[in-house]
Structure formats: structure tokens, C-alpha cells
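Asker: this one's structure only:
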């Protein structure tokens, strides 16, 4: 099998595994306990928090550990909306957000909030002017992902932050796909809330963080102890947090090399398909995408048959978000870009590159994809 689904999850780095295993064996205290065992565990939690805060130019007080991106998104969006409802009930997002945002917005609509879903163009980006003309004095939150999980297209985050600088609305961005690929400075970019997940950058599953700027009031979503400054109660997963830290540290230290390597894999994959004379279209503007993701439409095919045959051919890919991989409903992201009438919503595959790849297996994967596509369209 050749793994081309790194946007869904990534293999855990060996150094991360070794570090976490060592901690599991040797450090077991509750980080909230005041005795030596607890203080030792808390040391690792604090070290992780400091580094992850520094990685986005935040203060460590502004980092809230969660079980991953979905929980972080729930706390950020629902918590901010409910806590600031007295200032208005209008929220703005986009039609191509991850389901962890789309379903949150649907829940908030049932609670009486008004949600505007901004369109995206065929390049995969919003028009900041659309956001500007949609803002009202009732808008309390804008949630726009940094890079799309299906197409990899990067949104104009800094321009959005600048637009919102003098507006009451808080700015949240889901940076789960972008965190290890792009330089993110929450202060310079005007970001008030940002979410990440450890398993997207060769870290463990079950850990993520929410950056919440000190000035942003949020309603806590869970109740219990005083952990995470009461914003996320429960015994801290310090081993997961430390594993996330080790993975993030490796990713940040090797970011430029990774960016160049994964971009070269993507280019090699596409050039091989062209050499094999496969008919395809790229969904979104390649120049606007993060290096790890490409979303490809194969005319004359269907996504369910494609995925089945790719799996049989030994290529692991996806039709989109891993959260809906078991569902073959047309992609809402591609619907937003091309309309529900477009064939692309039913014949497109996401390929995503990462640490499980080499030039050799990327080229071999492209050859296998070419054989499958040719068989299906002939």
C-alpha cells in the first residue's frame, strides 16, 4: 500500500512514540496534584504549552489543550457565540468549511443565531469584499479556515484580520491543515481564536489546542475541575500534549524542507499523470494551496468506484474529509466551488502527501492511479 491520505491523519514520528512511551513508563502523576509526582507531570505540560504558544506567537496563558480540532472548534465557536450573544446574534463563515464548523453553525442556527455562509470562487477562495459587505453591527464572530482540508486552498487570513481590526466581531480560524505548513502569527494576522490538532503533523491522536486571545470572553462548554483555567476541565493529558510538542517541534525545525519536499511530491505526482496521458482537472488554484494537498477531478469516473479500485491497486486516498470518508455524498466543498450540477462533485479525489512518502512511491502511486483511471474510462 502507498499512503496518500496525510490530510486525514499522519503516521506518528518515531521520536514522538519513543518520548511518549518513556513518559508513560516513568511519569504518572496527576498534573494538578501539588506533590512531587504531580509537579513532575506538570513540568511536561508547561513545557509543551510554552512551545506551542511560541509557535504561533501567543502567550502560554492563551493555549487551551483539547482532545483535538473538533473539540477546539466547538469551544471556540459555540463558546464565543453564547458568551457574546448580548452584542448580537450574527455569525459569518464560509460554505466550504470542515464539517466540524458547518455542523456547529447548524446547531447555533437552531439556537437562534443568524449565520451567513460566504461563497468561494472556483479558485477556492472567498472574496474579502463579500465579507466586508456582510458585516453588520450584530456580527459577533467570523470563522474562516486557514487552509481547506479537501483542496488545500489558503484563505486571505491576514486581509480578513485587518478588516476585522476595528469591528466587534472576533476572528476564529481552523488551522488544522495549515499549522505545520504555514507561518502563523496570531498577533500580526489579527486572529483571536485558532484551532489545531496533533495527529495532522505526525503527532498523537486525541490532542489539540485552542488559542484564545486573553481579550476574548468565552463560555466554557464542560464543567468539573479547574484545569485549563476552568475553560476545559478534566485531568490534563500531559503525555499527549508533550507528544504534540515533540511533533510540532520537529515540524517547525524542518518546515522549509518539508514544504519543498511535499511540493516536489505533488509536482511529481501530477507530471506523472500527464506523462501517462490521463485526463484530469485540478480543483482550485495550485498556487494558492498548501504543499501537502491536491484535489483532482477525473472526468468519466465516479468517486465510489475510483476509491474502491484505488484501494485494490494499493493506493490510499480519499474523497475528502476523513470525517465523511465513510459517506459518498457529494463534496460540499466542491459544490461551493463549482455548483451541485458540476460533475466534479462526484468524480474528484483528494491526494495528500507527507512523511510516509518518497519520490519512488509517489511516482509508483501516480502510475497505479493512471492505470485505474484508464481502465474505468475506456
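Answerer: Thanks, I have the structure now. Quantities reported herein were computed from a predicted structural model and do not represent experimental measurements.
Asker: Point out where the stretch 51-200 of the chain drops to low pLDDT.
Answerer: Judged against pLDDT under 70, the stretch 51-200 of the chain has no low-scoring part.
Asker: All the helices of it, residue numbers only.
Answerer: In the stretch 51-200 of the chain, the segments counted as helices under DSSP state H, counting those that start in this stretch are 69-83, 99-110, 128-134, 157-164.
Asker: looking at these, which is closest to residue 144?
Answerer: Nearest of the helices of the stretch 51-200 of the chain to residue 144, taken as CB to CB: helix 157-164 at 6.1 Å. In this view, the C-beta of every residue, glycine as well, is placed from N, C-alpha and C.
Asker: Report the buried residues of the closest one.
Answerer: Across helix 157-164, burial judged by 16 or more other CB atoms under 10 Å covers 157, 160, 161, 163, 164.
Asker: Could you pull up the contacting residues of the residue lying closest to residue 69 once chain neighbours are set aside?
Answerer: Leaving aside its sequence neighbours, residue 69 sits nearest to residue 197 (CB to CB, 6 or more residues apart in numbering; 3.7 Å). Remark: with contacts taken as CB atoms under 8 Å, 6 or more residues apart in numbering, residue 197 is in contact with 68, 69, 72, 176, 207, 208.
Asker: From residue 18, how far out is residue 197?
Answerer: Separation of residue 197 from residue 18 (CB to CB, to the nearest Å): 21 Å.
Asker: Check residue 366 too.
Answerer: 33 Å.
Asker: Over to residue 199?
Answerer: Distance from residue 199 to residue 18, by CB to CB: 17 Å.
Asker: Could you do residue 77 as well?
Answerer: Distance from residue 77 to residue 18, counting by CB to CB: 36 Å.
Asker: If you count surrounding residues, which of these two has more?
Answerer: residue 77 (26 against 11; other CB atoms under 10 Å).
Asker: Nearest spatial neighbour of the more buried one, chain-adjacent residues omitted?
Answerer: Of all residues not flanking residue 77 in the chain, residue 104 sits nearest, at 5.0 Å (CB to CB, 6+ apart).
Asker: count of neighbours near residue 128?
Answerer: 16.
Asker: In this structure it contacts residue 160, no?
Answerer: Yes - in terms of CB atoms under 8 Å, residue 128 counts as a neighbour of residue 160; the distance is 6.3 Å.
Asker: where does the stretch 201-350 of the chain dip in pLDDT?
Answerer: The stretch 201-350 of the chain contains residues with pLDDT under 70 at 321-328.
Asker: Can you spell out the domain ranges of this protein, please?
Answerer: 2-10+254-377, 14-253 (automatic domain parsing).
Asker: Strands of the stretch 101-250 of the chain, start to end?
Answerer: Applying DSSP state E, counting those that start in this stretch to the stretch 101-250 of the chain gives strands spanning 114-118, 139-143, 170-174, 193-197, 208-212.
Asker: what are the pairing partners of the last one, and which direction each?
Answerer: This means strand 208-212. Strand pairing for strand 208-212, using DSSP bridges, gives strand 63-66 (antiparallel), strand 193-197 (antiparallel).
Asker: got these as TSV, with distance to residue 264 columns?
Answerer: Listed next are the strands paired with strand 208-212 as TSV, based on distance: least, CB to CB, whole Å:
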stretch	distance to residue 264
strand 63-66	33
strand 193-197	25
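Asker: measure the closest residue to residue 113 other than its chain neighbours to residue 111 for me?
Answerer: Excluding the flanking residues, the one nearest residue 113 by CB to CB, 6+ apart is residue 89, at 4.9 Å. For residue 89, the distance to residue 111 (CB to CB) stands at 9 Å.
Asker: So these two - more neighbours on which side?
Answerer: The neighbour count for residue 89 versus residue 111, taken as other CB under 10 Å, is higher for residue 89 (17 against 11).
Asker: who touches that one in this structure?
Answerer: Residues in contact with residue 89 (CB under 8 Å, 6+ apart) are 112, 113, 114, 138, 140.
Asker: Return the distance of it relative to residue 282.
Answerer: The value you get for residue 89 to residue 282, if CB to CB is used, is 39 Å.
Asker: and what of residue 255?
Answerer: 24 Å.
Asker: just residue 369 next, same as before
Answerer: Counting by CB to CB - residue 369 and residue 282 are separated by 14 Å.
Asker: same check, this time on residue 82
Answerer: In this view, residue 82 and residue 282 are 40 Å apart by CB to CB.
Asker: cool, and residue 304?
Answerer: 21 Å.
Asker: Between those two, tell me which one has more neighbours.
Answerer: When residue 304 is set against residue 282 and neighbours are counted by other CB under 10 Å, the residue ahead is residue 282, at 14 against 11.
Asker: Show the contacting residues for the more buried one.
Answerer: 270, 294, 295, 296, 297.
Asker: can you tell me which of the residues you listed are in helices?
Answerer: If you go by DSSP state H, these have residue 270 in helices.
Asker: By neighbours, which of the contacts of residue 282 wins?
Answerer: residue 295 (29 neighbours).
Asker: Show me what that residue bridges to in the sheet.
Answerer: Taking DSSP bridges as the rule, residue 295 bridges to residue 350.
Asker: That one against residue 347, yeah?
Answerer: No - under the criterion of CB under 8 Å, residue 295 is not in contact with residue 347, lying 11.2 Å apart.
Asker: sorry, back to before: kindly compare burial across the helices of the stretch 51-200 of the chain and name the winner.
Answerer: Comparing the helices of the stretch 51-200 of the chain by mean neighbour count (mean count of other CB atoms under 10 Å), helix 69-83 comes out on top with a mean of 23.
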